[in-house]
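In: Sequence and predicted structure below; questions after.
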Amino acid sequence: MLCIPQSNRRKVAIIMVEGNKTKNFWRAMLYLSPAIILLAVFTFYPVLQTFVISFNYQYNYMLSSKGYFAPYNPEGWGIQNYITIFSEGSPFLQCLLNTMIIVFVSVPISIALSLLIAVALNSIKPLQKLLQTIFFLPYVTNTIAIGMVFSVMFESQQGLMNTILNTLGEGSINWLGGNPDAGLLFDSQFFTSLVVLISYIVWNSLPFKVIILLSALQSVDRQYYQAAQIDGTSKLRTFTKITVPLLSPQIFYLLITSFIGAFKEYTSVVAIFGNTASSVGSHNNMATVVWFIYDKIKGEGAGGKTMGYASAGAVVLFLIILFFTAINKVIEKKKVHF
């Protein structure tokens with residue numbers, strides 16, 4: 001019987017392990033190749049193409065004789081698209097302002113409300129499943145249909161909100177057009193329509209957040225609350241010192257995803273204000289950055305050579321989302337209790 005020295009046995013074992021690792025790696029790559037190909041074609045290439053187009057002024061693939069892959073304007077390379085969208089009077093600036101207001105108003109409100117609703121639902125044992133189902137219904141309902149319902153609710157003449165105000169002895173508000181005589185706060189071009197839009201966005205985003213936070217609450221060890229109760233800790237202090245820290249991973253997850261979703265807001269605007277993103281008596285005053293991108297893409301289809309503006313807007317939006325996501329991740333490392 002052949003006797004192999006101990007040192008050689010180790011070498012043979014190492015070689016076999018390394019060989020198995022290499023074999024497993026290529027096998028995994030084979031299994032992943034369909035997904036990688038799809039990502040490369042439908043995600044990575046469009047993103048790269050968007051960056052390139054954003055630096056090509058008057059890009060227009062509709063007029064190219066070379067097809068989609070080489071429709072660049074040879075004399076249009078530079079940052080002119082970015083200069084144009086950030087120039088004074090550009091609609092992109094209003095779209096960016098609207099988007100920022102939506103993000104920094106709707107996200108904190110929706111997360112705070114979701115947390116309070118989740119805590120309330122967790123403390124109510126009777127009919128808890130039924131209430132969870134009711135709160136989750138908006139998530140599975142068509143967004144456009146809900147937007148139309150909101151438009152009817154805030155209608156200036158016979159809408160539900162004005163009916164309630166009239167019952168309370170208050171005057172009606174033209175929610176979707178404002179009151180020209182009400183001053184800056186209730187300016188007809190902006191404020192009241194923004195209230196309706198943010199209300200809709202917050203209401204529409206609650207179900208998913210509530211379910212996530214409620215699931216996290218139900219997995220918290222009850223011993224924490226029992227210890228706090230024995231020590232005579234108030235409910236408010238229990239909430240701030242136990243509930244919020246223990247839910248911090250889920251809260252920051254919702255914060256990041258909500259920021260990203262709010263920056264990409266488009267469907268809600270169209271659902272309430274239509275394709276023009278306009279309240280009554282105004283023009284595109286409720287448009288967001290994503291609406292601007294779609295609008296410029298449509299202009300490209302009409303031969304308007306505006307694809308470069310759309311690409312520049314998309315790149316700006318991408319960088320903004322990346323920036324705020326990075327900030328949230330840095331804060332998460334310091335504040336989240338895993």
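Out: Done, it's in. Numbering: from 1, shown residues only.
In: switch to C-alpha atoms for all contacts and neighbour counts from now on
Out: Noted.
In: need the next SSE after the helix or strand harbouring residue 23, C-terminal direction.
Out: Element membership of residue 23 [criterion: DSSP states H and E] is helix 6-39. Remark: after helix 6-39, the chain's next helix or strand is helix 45-54, criterion DSSP H and E.
In: Does anything pack onto that next one? Which helices or strands?
Out: Under the contact criterion of 3 or more CA pairs under 8 Å, 6 or more residues apart in numbering; DSSP states H and E, helix 45-54 touches helix 307-335.
In: Compute the inter-axis angle for the helix it packs on and helix 45-54.
Out: If you take axes from the mean of the first three to the mean of the last three CA atoms, to 10 degrees, helix 307-335 sits at 120 degrees to helix 45-54.
In: as a whole number, average confidence for helix 307-335?
Out: For helix 307-335, mean pLDDT rounds to 84.
In: which parts of that helix are buried?
Out: Within helix 307-335, the residues that count as buried by 16 or more other CA atoms under 10 Å are 307-317, 321, 325, 328-329, 332.
In: What of stretch 81-100?
Out: Of all the residues in stretch 81-100, those buried under the rule 16+ other CA under 10 Å are 81-82, 85, 91-96, 98-100.
In: Then stretch 104-116?
Out: Here stretch 104-116 shows 106-107, 109-111, 113-116 as buried, counting by 16+ other CA under 10 Å.
In: And that stretch, how far out from the chain middle?
Out: Stretch 104-116 sits 13 Å away from the centroid of its parent chain (CA atoms, centre = their mean, to the nearest Å).
In: which residues touch it?
Out: For stretch 104-116, contacts defined as CA atoms under 8 Å, 6 or more residues apart in numbering pick out 198-199, 201-203, 205-207, 209-210, 213, 251, 254-255, 258-259, 262.
In: Can you pull the poorly scored residue ranges out of the protein?
Out: Flagging of the chain using pLDDT under 70 yields the residue ranges 1-21, 60-75, 177-189, 279-282, 299-304, 334-338.
In: quick one: the nearest residue to residue 53 once chain neighbours are set aside and residue 284, what's the gap?
Out: Among residues not flanking residue 53 along the chain, residue 308 sits closest, at 5.6 Å (CA to CA, 6 or more residues apart in numbering). Between residue 308 and residue 284 the computed distance is 20 Å (CA to CA, to the nearest Å).
In: how is this protein carved up into domains?
Out: For the chain, the structural domains run 6-54, 80-335, going by automatic domain parsing.
In: All good on my end, thank you.
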